[in-house]
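>>> Build me a structure from this.
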Amino acid sequence: MKKEIIVYSISDSLGGTSQRLLSAVSAQYPDLTFNNSYRFPFIDKEQELLEILQDALKDDALVISTLVNGELARLAREFSQNHKLAYIDLMHPFFEIIGEKTGISPIEIPGTLHRLDTEYFNKISAIEFAVKNDDGKSPQGFLESDLVILGVSRTSKTPLSIYLANKGYKVSNLPLIPEVPLPQVLDKVDKRRMIGLVCDPDKLAKVRSNRLDALGLTQATSYTDVEKIYEELDYSKKVFQKHQAYIINITDKSIEETACIIEEHLKSLSSNKY
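Predicted coordinates for the structure are as follows:
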């Protein structure tokens, strides 16, 4: 049985920063279970904070703090030191280093990362665009897209589009099916904006089989036939070659890794004054 570590997350905003850190750390400890059911967002009162810390002490928990308020952070730090509570402050050690280097203090306003500014509304607009232009539903949207993602079925086009939309990119995608003609508007799309996704055929067959299992459908179909998948991938490579798409092999890559490769590609285009 895996050893369990209870983790308390405390924030004066949403607490997403500590969640991302914990996800990254827990991946390095496959033999441990991190119980992070104890999450405390929008903490702004000293008494409330002290009660949480006292509970954490009783649970022998690890506390991760992203409090930006200096007084609350100081209170939590002193309590933890006095009671030998395992406590990690993700914000203030960084603030102190920046202060030493620049002499500038943080504004200590919670939630500024999630403020409703132009960037936020651009992101929402990009997500709406990705949904509207998913799966080739609106080919004219290709001309307005920052990125057009091409690939055969189950090459992660949709989740990749949504992930990139969350970063503010206007993304459309098109499934490549040999029997279905390509939209003519694709010929007008800037080739430097086109991304082609490929995958190992055996891995793709397994992904498709899992998809059919999830839907409760039979496996006896060309959809999961490896030879058929080879033909689809060969067809997709011809399309990529014709449109000079930037090709990425997504086999064993996470959505985040693929997105990072795409962003690096866009940066290289920008540096070349594209």
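>>> Next one: the closest residue to D200 other than its chain neighbours relative to L32, how far apart?
Leaving aside its sequence neighbours, D200 sits nearest to T251 (CB to CB, 6 or more residues apart in numbering; 4.2 Å). (Each C-beta comes from the backbone N, C-alpha and C, glycine too.) Distance of T251 to L32, computed by CB to CB, to the nearest Å: 29 Å.
>>> Next, count neighbours for the residue nearest to D200.
T251 is flanked by 13 other residues according to other CB atoms under 10 Å.
>>> Can you name the helix or strand that it falls in?
Assessed by DSSP states H and E, T251 sits outside every helix and strand.
>>> Can you read off the backbone torsions of it?
T251 adopts backbone torsions of phi -50, psi 120, taken as degrees, to the nearest 10.
>>> tell me the contacts of it?
Counting by CB atoms under 8 Å, 6 or more residues apart in numbering, T251 makes contact with C199, D200, K203.
>>> Apart from its chain neighbours, what residue comes closest to the last one?
Yep, that's K203 we're talking about. In this structure, K203 finds its nearest non-sequential neighbour in T251, 5.3 Å apart by CB to CB, 6+ apart.
>>> Would you quantify the distance from the one you found to P201?
For T251, the distance to P201 (CB to CB) stands at 10 Å.
>>> Ok, D55 next?
Separation of D55 from P201 (CB to CB): 53 Å.
>>> more neighbours, these two?
Just comparing D55 and P201: by other CB under 10 Å the higher neighbour count belongs to P201, 19 against 13.
>>> which SS state does the closest residue to the more buried one other than its chain neighbours fall under?
Excluding the flanking residues, the one nearest P201 by CB to CB, 6+ apart is I229, at 4.7 Å. Put simply, I229 is helix when judged by DSSP: H, G, I helix; E, B strand; the rest coil.
>>> pretty sure T158 is touching S172, no?
No: counting by CB atoms under 8 Å, T158 does not reach S172; the two are 10.8 Å apart.
>>> Now the common contact residues for these two.
Residues touching both T158 and S172 comprise D134, with contact defined as CB under 8 Å, 6+ apart.
>>> Look at the two and report which has more neighbours.
Set T158 next to S172 and count neighbours by other CB under 10 Å: S172 wins out with 29 against 17.
>>> Share the number of residues neighbouring K267, please.
10.
>>> ok so it is a helix residue?
Yes: counting by three-state DSSP, K267 is part of a helix.
>>> Mind pulling up the pLDDT for it?
pLDDT for K267: 91.
>>> for the one 3 residues further on, same thing?
pLDDT recorded at S270 is 80.
>>> swap in D225?
On pLDDT, D225 comes in at 93.
>>> show me what contacts it?
For D225, the contact set (CB under 8 Å, 6+ apart) comprises A205.
>>> And it, its phi and psi?
Dihedral angles of D225 (phi, psi; degrees, to the nearest 10) stand at phi -70, psi 120.
>>> May I ask you to confirm that E256 is in contact with Y163?
Yes: proximity of E256 to Y163 meets the contact threshold set by CB under 8 Å, at 7.2 Å.
>>> So between the two, which is more surrounded?
The neighbour comparison of E256 against Y163 (other CB under 10 Å) goes to Y163, with 19 against 10.
>>> Can you name the residues that contact that one?
By CB under 8 Å, 6+ apart, the contact list for Y163 reads I255, E256, A259.
>>> Looking at those residues, spot the one nearest E100.
Taking CB to CB as the measure, E100 lies nearest E256 of those, at 32.7 Å.
>>> Now do the same contact list for the closest one.
E256 touches Y163, counting by CB under 8 Å, 6+ apart.
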